[in-house]
Structures are given as C-alpha cells and as structure tokens.
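[1] Coordinates only, no sequence provided:
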C-alpha cells in the first residue's frame, strides 16, 4: 500500500515523461513520429538511419519546408504545433500529426538534436538541450537525430522497452518489419496526397 502523500503538482519533466510513454513506446514509434513530421513538412525525400535497433541512434533527414530559427525552441515544447491553432483547424486537420507532442516526448526520454534550414533562410540552425546555434552543411529541410533512447528513464522502464523492442538481431528485425510497413503506407499517402 502506498504511504499517504499530500496532493502535489507533478514536475514538468515527469509530465513530459508520462506523455512520452503514451507517444513513444519503442524505437519504431520514434521513427513513425519523425517520418510523419517530415511528410507533413512537404518532404518528398526522407532518409532514415537506425543504429542499435533505434536505441542507440535514429536519424531522420528530409527536404521539407524546414523550421525557422525562431521556432526551433517551440518545436521541442509540449503542445506547440504549426498544424492547428483553432478548433476549426483541429476539425479539418489533414496532417498525420497535430498535437505538438512528438518532439517534446522524444526530448524527454533521449538526447535530441534538430538541425533545420527553412525555405528562404540564409543559414541552417541547430537546437540541442535548449541552445540554438548555427548549423553548417544543410541546403534545406530538417535533420533530427535521436541518441540514447530511453536513457532518461529509470532502469526498469528501459528494461520494459528493451525487451522485444529492438534488442538484438530478432528485435531489430521486428522493428525493421514494422518500419517497412509504415514506410509503404507513407509512400502510398504521399503519392495520393491532394
């Protein structure tokens, strides 16, 4: 039985980690969210690289519209989105994602680096741990790198996600199959977009 504790507000970090548990179940969930963001950004070329079954590293690069420098800090905040601003927007949403939780959720359970060059911008920018600085070598679009997935969780949570998620060759194979089905769906959705 739990000891009596006074009612208290949760820390913003714990709130983000709880929300991450609803959005980010395993490495394939991260890939899905990042690819959806790329498709919603108008990308017609998306590259995904995965190391260590996605627990070590996930890299998603696209040639979409990019994120302006001023919006990069908002991109990793909960409930910040460019996809809806009103109830009417929400009811008419045609994007794959709209809640503004994916990047914030990933950031709460992993190391997250976003590099982006918005259309028409003179230079690319990078955000890591809240710091925005110039990023070289980008011609446009966005590059999201996720490393050490779930390292910000307690050990028992890592074990929960690690078991069967992508641990070893068999887990990696299962994640690859799920990602393959998802990418086929994305290709279909992109080719049938109005």
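    The structure has been received and is ready for your questions. Worth saying up front: this structure is predicted, and the values here are computed from it rather than measured.

[2] how close does residue 122 sit to residue 69?
    10 Å (C-beta to C-beta, to the nearest Å). Every residue, glycine included, has its C-beta placed from N, CA and C.

[3] higher neighbour count, those two?
    residue 69 (21 against 7; other C-beta atoms under 10 Å).

[4] Tell me the secondary structure of the nearest residue to that one once chain neighbours are set aside, please.
    In space, and not counting its chain neighbours, residue 69 is closest to residue 125: 4.3 Å by C-beta to C-beta, 6 or more residues apart in numbering. Look at residue 125: counting by DSSP: H, G, I helix; E, B strand; the rest coil, its state is strand.

[5] Go ahead and confirm residue 125 touches residue 131.
    No: using C-beta atoms under 8 Å, residue 125 is not in contact with residue 131; the gap is 10.6 Å.

[6] Contacts made by the helix or strand where residue 58 lies with the rest, please.
    Per DSSP states H and E: residue 58 is located in strand 57-62. By C-beta atoms under 8 Å, 6 or more residues apart in numbering, the residues outside strand 57-62 that reach it are 27, 30-31, 34-35, 38, 41, 43, 45-51, 141-147, 149.

[7] Just the buried residues of these.
    Neighbour-count burial (16 or more other C-beta atoms under 10 Å) applied to these gives 27, 30-31, 34-35, 38, 41, 43, 46, 48, 50, 141-147, 149.

[8] Tell me which of the contacts of strand 57-62 fall in strands.
    Using DSSP state E, 46-51, 141-147 are the members of those that sit in strands.
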